[in-house]
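# could you look at this predicted model? Sequence included:
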Amino acid sequence: MKKISKNIVTHWTTIEPLSNKVDVSFEFFPPKTPQLEKSLWCSVERLAPLNPVFVSVTYGAGGSTREKTHKIVTRLQNKMGIPAAAHLTCVAASKAEVNRVARRYWEAGIRHIVALRGDPPDGQGKYVAHPEGYNNASDLVRGLKQIGDFEISVAAHPEGHPEAKSIEADIENLKRKVDEGATRGITQFFFQPEHFLRFRDKTQKAGLSIPIIPGILPVTNFSQVRRFSKICGASIPHWMSTLFEGLDNDPDTRLLIAANIAIDLCRILKAEDVTNFHFYTLNRADLTYAICHVLGNSRNTQPNIAL
């Protein structure tokens, strides 16, 4: 890892478009109401002209959004022409159930799966595998590869998975997923670039050659991000908490600060030769679009997609 300039870390940079375009991908989640569904498709329409490498759709706890996820993923790819990936987890399902979902995706023409162990159901403090299910993500990757030659993305944790004994143990777990056929690692969100850069260095030293893509979370709701962070183990630096302090009822100022934070993070990573970014959009497009524009991605000249 190159030594990061103290000036870059401690001062916001001048916002001007970067010269070289980067590759981007976006994550969406199945909406719960018709109004939120309308918002989802508006966000998709806004971001699609940025030519994402792929877009992914999450899978609710215990498969609670199974049908919605399938419907959105197939519409994205088969009707709108956007490469789509379906999230799939091991939680509360037998191997037979998970395999049926995977085969259905394969039959629908979906060739990319984001394979995750998944979080324990609410009220269950520790993950326990289904008695007839996949034990973990590497086990799931192996099973998916037996069904079809899927492209498989998996989770990576720059600050370590909350259940991991150490970063090194977590990287060993990532290596097991790669050995079973994973082709890409997408990281949990983070707010300090050094976490990602050190993690990337360690994965390379461990002999991992798959792309490790930083997961970027534009902060639209700081209280919500605090909750997410406690669950996934991502740290929030003190300076960031200070910037959002007292802004609970000031969404416009929060948005401006969030844009600056995310743009700075991405620009520092870009200076360290990161050329792929995965955005956790939370089904909102404006911040992600602005960040991508600064990174050098702009609208293409293709006609509007059909929704």
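Looks like it arrived, so ask away.
# so Ala262 is in which element?
Element membership for Ala262, per DSSP states H and E: helix 251-271.
# the strands in the stretch 201-307 of the chain, which residues?
212-216, 276-280 (DSSP state E, counting those that start in this stretch).
# helices or strands up against the first one?
In terms of contact count using 3 or more CB pairs under 8 Å, 6 or more residues apart in numbering; DSSP states H and E, strand 212-216 is assigned the packing partners strand 184-189, helix 193-205, helix 251-271, strand 276-280. For the C-beta atoms, the positions are set from N, CA and C on the backbone; glycine is no exception.
# same thing but at 10 Å, please
Packing partners of strand 212-216 (3 or more CB pairs under 10 Å, 6 or more residues apart in numbering; DSSP states H and E): strand 23-28, strand 151-156, strand 184-189, helix 193-205, helix 251-271, strand 276-280, helix 286-294.
# now do that strand against strand 276-280, angle only.
Compare the direction of strand 212-216 with that of strand 276-280 by axes from the mean of the first three to the mean of the last three CA atoms, to 10 degrees and you get 40 degrees.
# without its sequence neighbours, what residue ends up closest to Gly185?
Ala156 (3.7 Å; CB to CB, 6 or more residues apart in numbering).
# OK, contacts around the one you found?
The contact partners of Ala156, taken as CB atoms under 10 Å, 6 or more residues apart in numbering, are 170-171, 173-174, 177, 182, 184-188, 196, 199-200, 203, 208, 210, 212-215.
# could you check the pLDDT of it?
The confidence metric pLDDT takes the value 97 at Ala156.
# could we number from 36 for the rest of this?
All right, first residue 36 from here; so that's Ala191.
# do you know how far it is from Asn170?
19 Å (CB to CB, to the nearest Å).
# His147 bridge partners, please.
Following DSSP bridges, His147 is listed with bridge partners Glu186.
# nope, Gly220 is what I was after
Beta-bridge partners, per DSSP bridges, of Gly220: Val189, Ile247.
# got a pLDDT number for it?
98.
# can you check Thr68 too?
94.
# show me the contacts for it.
Neighbouring residues of Thr68 by CB under 10 Å, 6+ apart: Ser74.
# and it, backbone torsions?
phi -130, psi 160 (degrees, to the nearest 10).
# now do the helices in the stretch 36-185 of the chain.
Ranges of helices in the stretch 36-185 of the chain, per DSSP state H, counting those that start in this stretch, are 41-45, 69-82, 101-109, 130-142, 172-182.
# now those helices in JSON lines, with mean neighbour count and distance to Gln259?
Below are these laid out as JSON lines (neighbours: other CB atoms under 10 Å; distance: least, CB to CB, whole Å):
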{"stretch": "helix 41-45", "mean neighbour count": "10", "distance to Gln259": "25"}
{"stretch": "helix 69-82", "mean neighbour count": "16", "distance to Gln259": "15"}
{"stretch": "helix 101-109", "mean neighbour count": "19", "distance to Gln259": "21"}
{"stretch": "helix 130-142", "mean neighbour count": "16", "distance to Gln259": "28"}
{"stretch": "helix 172-182", "mean neighbour count": "20", "distance to Gln259": "25"}
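# so which of those helices is nearest Leu151?
helix 172-182 (5.9 Å; CB to CB).
# low-confidence ranges, this structure, go.
For the chain, applying pLDDT under 70 flags the ranges 36-54, 96-99, 156-160, 334-342.
# which residues are in contact with His73?
Check again: residue 73 is Lys, not His. Going by CB under 10 Å, 6+ apart, Lys73 touches Pro66.
# actually Leu317, not the one I typed
62-64, 78, 252-256, 259-260, 263, 323.
# mind doing that once more with 7 Å?
Shown in contact with Leu317 (CB atoms under 7 Å, 6 or more residues apart in numbering): Thr255.
# equivalent analysis for Pro249, please.
222, 231, 304, 309, 312-313.
# distance of the closest residue to Asp184 other than its chain neighbours from Phe89?
Sequence neighbours aside, Arg146 is the residue nearest to Asp184 in space, at 7.7 Å (criterion: CB to CB, 6+ apart). Note on Arg146: its distance to Phe89, by CB to CB, is 10 Å.
# looking at the two, which is more packed in?
Phe89 (21 against 16; other CB atoms under 10 Å).
# distance of the more buried one relative to Val57?
14 Å.
# can you check His147 too?
Taken as CB to CB, the spacing of His147 relative to Val57 amounts to 19 Å.
# before we move on, what about Thr104?
Distance, Thr104 to Val57, using CB to CB: 27 Å.
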